[in-house]
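Undergrad: my questions are about this predicted structure, shown below with the sequence.
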Amino acid sequence: MKKMITGLLAGLFTVMVPFYGMAIELTDYLDPDLQYQDAEIQALFNLKDGNQDQTSFNGSARMEYDMEYSTLPLKIEGYAKGEADFNRGADDEDSTARNFRFDAWSVGKKYLENDNSIFGFGRFDLGLQDLENSNENDPYAKVTVGMGYGRITTATPLMEAYRCVEDLKRYGIIKGELSNEYYLRLATVIAKENEYKSRYSLKEYEKYWYEAMERVFREAGVLTGESLGAMGIIRIQDILTDENVLRRKHGWEVGAGVDYLISDYAGNEGDPGLSLYAEYARPVGFKWQFIDRISYSTILVDWEFGDMDNTFTNEAWLTYEITDKIDWTNLWELDIILASEGDDTYKNSLETGLRFYVSNTIDAVTTLGFDHIDKGDNLDDDIVTTFYFGLAYTIF
């Protein structure tokens, strides 16, 4: 079973072949000024009736929210995910089972130097759940303060600039290649979309935003005509507002913090803790993106180390842009709980899937998942396989 998971992971990483077609790389983008937020809802529902005691059904819904506000001295990030599922069997005695879980976190980082090195941070984690046949449904809340080193930069604007350039070349609106300087200037203009919105209003900002991009192309000397023209504006608009681009990030950072557990799902509260983390992000060419985050946490009893469980978590994401409309996504999560009493727990989760962009707001999502839990002599230690197909609606 473990060999199967290891083999799948090896297969994912061995196909990571770099793309060497361009001089500029996403890691060249170092501008920290960025603001974005994404939110989407996924849903699935099945119903069956006839030749059975009662109507049976099952369904699930999932909501995700992701945001980042970044300047040179300050960075604020937030993430929230809510999941709900429900089902009822076909027999008279079957009742409706419902499960709900919500997880969210927010972190603020204040950089103490202008070289993106040392920073102080504060983080808040929140969890809510209502699970069938579980007594651990109390709210979860934790506050962390600490120090860190390093910085991860979101380079999505340069990816969007690359898409714009390739598309405009395809339609003969520009010719030749942009130098690295003009690629970065174009990416900087794209990243300032929210700045243009606040300066010129939601109704009129696009005119000035596109004019700023046109100036970059004109100064680079690559326009085939006097301006981008109607077709050029339409192509840029299609890429920047109608197409979805997976986030591109690069860099690394490490951090250490002191936790205060306000409460956990089992009702424990008021405990201090220690947490460590390291994160690494690397795009490979303009197609691949790899992110890995390792974290460690424990509770301190009377501020002493070693009397409670030690939890290690590794999360690895690998994405590949097959086309502008199809993305391949992969996630591997390993959780290890070294128990102070009883058996240790090892949990492996692997997901691989495809996302098809049907329109600028509707995506079709299919996911194949494998889960395995090893805890002492647990009998239910087979690999659990799940397959999911549903639709996702992009809110913003």
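TA: Everything's here; your move. Numbering: from 1, shown residues only.
Undergrad: could you report the pLDDT at Pro18?
TA: pLDDT, Pro18: 43.
Undergrad: the strands in this structure, which residues?
TA: 34-48, 56-70, 74-88, 97-111, 118-130, 140-154, 249-263, 271-284, 288-299, 310-323, 326-338, 345-357, 362-375, 384-394 (DSSP state E).
Undergrad: in its sheet, what does the last one sit against?
TA: For strand 384-394, sheet partners with direction are given as strand 34-48 (antiparallel), strand 362-375 (antiparallel), following DSSP bridges.
Undergrad: which of the ones you listed has the lowest average pLDDT?
TA: Among the strands paired with strand 384-394, strand 34-48 has the lowest mean pLDDT, at a mean of 89.
Undergrad: could you export it as CSV, CA atoms only?
TA: The C-alpha trace of strand 34-48 is given here as CSV (Å, rounded to 0.1, in the frame of the first residue of the first chain):
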residue,chain,number,x,y,z
LEU,A,34,0.2,42.7,-5.5
GLN,A,35,-3.4,42.4,-4.5
TYR,A,36,-5.8,39.6,-5.4
GLN,A,37,-8.7,37.5,-4.1
ASP,A,38,-10.3,34.4,-5.5
ALA,A,39,-13.5,32.6,-4.4
GLU,A,40,-15.3,29.6,-5.9
ILE,A,41,-18.0,27.1,-5.1
GLN,A,42,-18.1,23.4,-6.2
ALA,A,43,-21.2,21.2,-6.0
LEU,A,44,-22.3,17.7,-6.7
PHE,A,45,-25.7,16.0,-6.2
ASN,A,46,-27.1,12.6,-7.0
LEU,A,47,-30.7,11.3,-6.5
LYS,A,48,-32.4,8.0,-7.1
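Undergrad: what does it rub up against?
TA: Strand 34-48 is touched from outside by 55-70, 90, 154, 156-157, 191, 194, 363, 365, 388-396, with contacts defined as C-beta atoms under 8 Å, 6 or more residues apart in numbering. Using the backbone N, CA and C atoms, a C-beta is placed for each residue, glycine as well.
Undergrad: got TSV for the strands paired with strand 384-394, with mean neighbour count and distance to Gly82 too?
TA: Below are the strands paired with strand 384-394 laid out as TSV (neighbours: other C-beta atoms under 10 Å; distance: least, C-beta to C-beta, whole Å):
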stretch	mean neighbour count	distance to Gly82
strand 34-48	14	9
strand 362-375	16	16
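Undergrad: stretch 193-206 - what's its average pLDDT?
TA: Averaging pLDDT along stretch 193-206 yields 91.
Undergrad: can you tell me what sits against that stretch?
TA: For stretch 193-206, contacts defined as C-beta under 8 Å, 6+ apart pick out Gln35, Tyr36, Lys207, Tyr208, Trp209, Ala212, Gln237, Leu240.
Undergrad: tell me which residues of that stretch come out buried.
TA: Residues Glu193, Tyr196, Lys197, Tyr205, Glu206 are the ones in stretch 193-206 that count as buried (16 or more other C-beta atoms under 10 Å).
Undergrad: now that stretch, how far from the centre of its chain.
TA: 26 Å (C-alpha atoms, centre = their mean, to the nearest Å).
Undergrad: ok, now stretch 355-370?
TA: 15 Å.
Undergrad: straight-line length of it, end to end?
TA: Criterion C-alpha to C-alpha, to the nearest Å; first-to-last residue distance in stretch 355-370 is 18 Å.
Undergrad: would you list the buried entries among the contacts of strand 34-48?
TA: By neighbour count, with 16+ other C-beta under 10 Å, the contacts of strand 34-48 hold 56-58, 60-65, 68-70, 154, 156-157, 191, 363, 365, 390, 392 as buried.
Undergrad: what's the neighbour count on Tyr29?
TA: By the criterion of other C-beta atoms under 10 Å, Tyr29 has 25 neighbours.
Undergrad: lowest average confidence, helix or strand, in this structure?
TA: Within the chain, no helix or strand scores below helix 2-14, which has a mean of 48 by mean pLDDT, DSSP states H and E.
Undergrad: check contacts around Asn180.
TA: Contact analysis of Asn180 by C-beta under 8 Å, 6+ apart lists Ala23, Ile24, Asp28.
Undergrad: any idea how far the first one lies from Glu181?
TA: Distance from Ala23 to Glu181, counting by C-beta to C-beta, to the nearest Å: 11 Å.
Undergrad: low-scoring stretches of the stretch 251-396 of the chain, by residue?
TA: By pLDDT under 70, the low-scoring segments of the stretch 251-396 of the chain are 302-307, 378-380.
Undergrad: picking up where we left off before, among the contacts of Asn180, name the buried ones.
TA: By neighbour count, with 16+ other C-beta under 10 Å, the contacts of Asn180 hold Ile24 as buried.
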